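[1] here is my input; please provide its structure:
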Amino acid sequence: MTEQGLTAESIDTSRPHPARMYDYYLGGQDNYEVDRAAAEQLMAATPDVRRSARANRAFLQRVVGDVVRSGVRQILDVGTGIPTSPNTHEAAHAVDPATRVVYVDNDPIVSVYAGAKLTATPGTGFLLADLRDPAAIVGSDALNGLIDFDEPVAVLLVSVLHFVDDAEDPKGLLRALTDRLAPGSRLVISHATADFHPREVGERGAEVYSRATANLRLRSRGEVVELFEGFELEEPGVVQVSHWRPEREPDEDDGRVAVYGGLAVKR
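    Numbers count the residues shown, from 1 in each chain. Predicted structure coming up:
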């Protein structure tokens with residue numbers, strides 16, 4: 001279920017890209033000099049960005065395991081970004097190999113990598129689509145055989161909504177994306193914030209991303225909680241991702257992680 005006709009030549013390497021910058025924060029190799037330069041600039045302005053990215057990745061792995069253990073066997077990972085192992089399907093299959101996972105992203109670079117790193121595994125697929133057009137996601141024929149909306153589905157939006165401006169109505173997009181979900185479905189969100197650093201730090205970060213291919217809209221905890229409208233948050237609610245059901249006791253440095261995360265269920 002990969003998009004056909006996309007090649008590396010279609011990838012814009014003239015401007016930093018958030019997915020490639022994130023790959024660099026995680027220590028990946030799927031990035032270019034322009035991405036590394038922007039990432040280094042951001043890390044100089046906001047030294048906790050790499051810690052936050054890695055804490056966010058660990059959150060993804062924990063929350064996917066929790067979702068599958070709860071009985072959900074279908075995952076729609078929207079805004080997945082460049083694949084970094086362990087991927088969502090690897091975390092899910094570690095609990096139950098029968099779990100079906102569809103990755104969704106709007107960037108050709110992700111589609112190029114998806115064919116090599118994601119969709120070779122049975123029960124996984126990739127859809128080239130944009131969160132800003134939720135009807136194109138939930139109405140895609142490509143989901144047939146992998147996602148059944150009559151059964152619970154976990155929708156993951158991990159580090160993607162902070163690239164959606166207020167004018168684009170993120171809450172409205174979420175309603176359209178999740179309206180068809182059956183009771184028992186899960187919604188997972190993680191979102192960058194400026195709550196734990198001086199205001200100027202967040203402003204410098206937003207300035208770096210303004211020169212990339214997507215703007216950055218940091219949101220407060222209250223604003224992130226509002227994104228779960230229509231779902232019931234599970235414990236511990238919306239917290240720093242390092243404090244969401246951690247496998248070890250968070251240390252003092254984890255208090256600087258600038259990402260909120262939460263898991264909610266549709267009743």
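[2] can you tell me the SS state at V201?
    The assignment at V201 comes out as helix when based on DSSP: H, G, I helix; E, B strand; the rest coil.
[3] that one is in contact with A44, isn't it?
    No: under the criterion of CB atoms under 8 Å, V201 is not in contact with A44, lying 11.2 Å apart. The C-beta positions use only the backbone N, C-alpha and C, and glycine is treated the same way.
[4] what about the two, which has more around it?
    It is V201, of V201 and A44, that has more neighbours when counted by other CB atoms under 10 Å, with 18 against 11.
[5] so what's that one up against?
    When contacts are counted by CB atoms under 8 Å, 6 or more residues apart in numbering, V201 is found next to 45-46, 194.
[6] find the centremost residue of the protein, please.
    For the chain, V158 is the residue whose C-alpha lies nearest the centre (CA atoms, centre = their mean; 2.2 Å).
[7] could you measure from it over to R211?
    Here the criterion is CB to CB, to the nearest Å. By it, V158 lies 24 Å from R211.
[8] what do you get for R221?
    The span separating R221 from R211 equals 28 Å under the rule CB to CB.
[9] equivalent analysis for P83, please.
    With the distance defined as CB to CB, P83 ends up 25 Å from R211.
[10] of those two, which one has the most company?
    P83 (24 against 12).
[11] mind checking pLDDT for the more buried one?
    P83 is assigned a predicted lDDT (pLDDT) of 83.
[12] do I have it right that it meets K117?
    Yes: contact status for P83 versus K117: in contact at 4.1 Å, counting by CB under 8 Å.
[13] which ones are touching D30?
    Applying CB under 8 Å, 6+ apart, one finds that D30 lies in contact with 20, 23, 82, 109, 113.
[14] wait, which of these is closest to H93?
    Top of the list for closeness to H93, among the contacts of D30 and by CB to CB, is Y113 at 18.9 Å.
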